[in-house]
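Novice: A structural model of the following input is requested.
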Amino acid sequence: MRTFLYYARGSNRQKIFIEAADYKYFLALFERYLSAKQARGKTGEPYPHYFEHVAIIAYCLMANHFHLLVYQKDIPFLEKLMRSVMTSYSRYFNLKYKRTGSLFEGRYKAVRIDNDQYLQHITRYIHLNPRLWKNYRYSSLKYYRDIKPPIWLKPESILELFSSSDEYIEFVANYEELRDMITELKYQLADR
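Specialist: Numbers count the residues shown, from 1 in each chain. Sure, this is the predicted structure:
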């Protein structure tokens, strides 16, 4: 199994999520393509189905970009999933906002993650992306607490590296404090 951090942002850093419905639609695409049972469109035509091949571990959707941490069980399927999600979302967005052209800045970017320690830090990075991360609505962090995740999200693969979900949340929070102290120190040193 291979783990990847995926990242994509809007062309010219434009917003790709404007209102709550946009975030919800994007997340619903994971339900469409990663549900246990193959989903069908309005005409009864089946959508591509990647449930057995790909699992999302963590995510964060920001106004102009998103981060996904993904397990890929079989090589071609992650690329197929990303193409399906980004194409479907671009069509939705362009139709809704009466625009044309590319929504995303080039192709998504992917970095392979090869060890558990780095994997832990990547999830922390993803969950700390929003300034008010503790209660951010469009992040997988809530599923690392006590809320049951959707079938396509697998936080247990990270949580099993910790003694409890509370320990994971503390792990995330500890870095926030350290980051804030380093930032403050930089500003103080720059003033001298």
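
Novice: contacts and neighbour counts: CA atoms only from here.
Specialist: OK.

Novice: In the protein, mark out all the helices, start to finish.
Specialist: Using DSSP state H, the helices of the chain run over residues 20-34, 75-96, 116-127, 156-159, 165-190.

Novice: Show the contacting residues for the residue nearest the centre of the chain.
Specialist: By C-alpha atoms, centre = their mean, the chain has its centre lying nearest to residue 59, at 2.2 Å. By C-alpha atoms under 8 Å, 6 or more residues apart in numbering, the residues touching residue 59 are 66-69, 126-127, 139-140.

Novice: And those, which is closest to residue 89?
Specialist: Among these, residue 66 lies closest to residue 89 (C-alpha to C-alpha), at 12.6 Å.

Novice: Tell me who's in contact with that closest one.
Specialist: Residue 66 sits in contact with 7-9, 59-60, where contact means C-alpha under 8 Å, 6+ apart.

Novice: picking up where we left off before, could the helices of the chain be laid out in TSV, adding mean neighbour count?
Specialist: Formatted as TSV, those follow (neighbours: other C-alpha atoms under 10 Å):
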stretch	mean neighbour count
helix 20-34	17
helix 75-96	16
helix 116-127	18
helix 156-159	16
helix 165-190	13
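
Novice: If I average pLDDT within each of the ones you listed, which one is lowest?
Specialist: Of all the helices of the chain, helix 165-190 carries the lowest average pLDDT, namely a mean of 78.

Novice: Distance-wise, check residue 46 relative to residue 26.
Specialist: Distance of residue 46 to residue 26, given as C-alpha to C-alpha, to the nearest Å: 19 Å.

Novice: Straight-line length of stretch 61-68, end to end?
Specialist: Using C-alpha to C-alpha, the end-to-end distance of stretch 61-68 comes to 9 Å.

Novice: Quick one: distance of it to the chain centre.
Specialist: Taking C-alpha atoms, centre = their mean, to the nearest Å, the mean C-alpha location of stretch 61-68 is offset from the chain mean by 7 Å.

Novice: of all the contacts of residue 59, which comes closest to residue 95?
Specialist: For the contacts of residue 59, the closest approach to residue 95 (C-alpha to C-alpha) belongs to residue 66, at 20.5 Å.

Novice: Many thanks, have a good one.
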